[in-house]
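Student: This is the structure alone, sequence omitted:
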């Protein structure tokens with residue numbers, strides 16, 4: 001990496017939310033049934049979750065929403081700006097998420113990947129994740145039908 005490509009990772013501030021959401025949208029991570037602003041607000045409301053941002057200077061180029069339920073850690077919204085891929089920023093933001101969980105005594109990290117997202121599956125396999133044989137059930141508590 002060049003000196004201009006040093007990634008500084010820290011929790012986001014309130015004012016960072018629009019930039020984070022824009023990055024998630026550029027990376028194709030948002031879905032119509034999830035409000036990313038509400039996801040950020042929920043993560044920042046308690047001590048069990050955080051939105052981490054990797055910056056080059058003042059620009060957010062990577063993120064991970066990390067949290068735990070007291071037993072398992074979870075990571076969502078792992079994003080690297082398409083203009084900054086191939087610089088190991090994905091690995092860096094995941095290392096930061098793992099460190100955040102370890103610092104809270106969490107020993108197992110889980111994440112969900114859509115089955116057809118082969119490049120992302122390969123990325124996580126390179127980081128030492130293994131696919132597990134699980135069935136995921138979902139239910140909307142507001143009565144909506146489950147989404148694929």
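Tutor: Nice, thanks for sending it over. Note that the coordinates shown come from a computational prediction; the quantities given were computed from them, not determined experimentally.

Student: Pairing partners for the residue nearest to residue 19 when sequence neighbours are not counted in the sheet, please.
Tutor: Using Cβ to Cβ, 6 or more residues apart in numbering and skipping the chain neighbours, the partner closest in space to residue 19 is residue 60 (5.1 Å). Bear in mind the C-beta positions are built from the backbone N, C-alpha and C, glycine included. Beta-bridge pairing for residue 60 (DSSP bridges): residue 55.

Student: what's near enough to touch residue 53?
Tutor: 9, 10, 11, 12, 16, 20, 60, 62, 63 (Cβ atoms under 8 Å, 6 or more residues apart in numbering).

Student: cool, and residue 40?
Tutor: Counting by Cβ under 8 Å, 6+ apart, residue 40 has contacts 12, 17, 20, 21, 51, 65.

Student: I'd say the residue nearest to residue 19 and residue 21 touch.
Tutor: No - the criterion here is Cβ atoms under 8 Å, and residue 60 misses it with residue 21 at 10.4 Å.

Student: for the record, mean pLDDT for the helix ranked longest in the chain?
Tutor: Using DSSP state H to define each element, the chain has its longest helix at helix 89-102. Average pLDDT, helix 89-102: 97.
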